[in-house]
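Chemist: I'll drop the sequence and a predicted model, then ask my questions.
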Amino acid sequence: MEADPNSAALLIISGRVQGVWYRNWMDGAAKARGLDVWVRNRRDGTVGALLSGPQAAVGEMIVACHQGPPLAQLYHVEPEPATPMALGCGFKQRATE
């Protein structure tokens with residue numbers, strides 16, 4: 001059986017996603033899927049994230065991001081292809097951009 005190739009996606013997540021623990025939720029959800037991720041609040045009220053890891057897990061995480069944590073109200077999750085991060089980066093919260 002062939003190993004699942006690594007892939008990455010840059011997400012812009014809009015809706016009620018700041019102040020609802022979205023970044024912390026993303027930490028747990030990404031770790032559960034074995035993904036490396038960075039996530040940050042953006043000044044326009046959206047959340048930006050880069051997911052990196054096995055292609056199937058990245059796809060699962062994109063689907064999960066459409067729901068997010070219980071207090072979030074998602075309007076749109078916009079994924080774009082990205083360059084995978086170095087393996088083993090884990091989770092990083094970045095400063096607001």
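Modeler: Right, received. Where do you want to start?

Chemist: thinking residue 37 is in contact with residue 48, fair?
Modeler: No. With contact defined as Cβ atoms under 8 Å, residue 37 does not reach residue 48; the gap is 10.9 Å. In this view, the C-beta of every residue, glycine as well, is placed from N, C-alpha and C.

Chemist: So for these two, which sits in the more crowded spot?
Modeler: Set residue 37 next to residue 48 and count neighbours by other Cβ atoms under 10 Å: residue 37 wins out with 26 against 18.

Chemist: just checking, what packs against the helix or strand hosting residue 50?
Modeler: Here residue 50 sits within strand 47-54, counting by DSSP states H and E. The contact analysis (3 or more Cβ pairs under 8 Å, 6 or more residues apart in numbering; DSSP states H and E) places strand 47-54 against strand 6-16, helix 22-32, strand 36-41, helix 55-65.

Chemist: And these: which comes nearest residue 80?
Modeler: Residue 80 lies closest to strand 6-16 among the helices and strands packed on strand 47-54, at 4.8 Å (Cβ to Cβ).

Chemist: contacts for that closest one?
Modeler: Strand 6-16 is contacted from outside by 22, 42, 45-55, 58, 62, 65, 68, 71-85, 87, using Cβ atoms under 8 Å, 6 or more residues apart in numbering.
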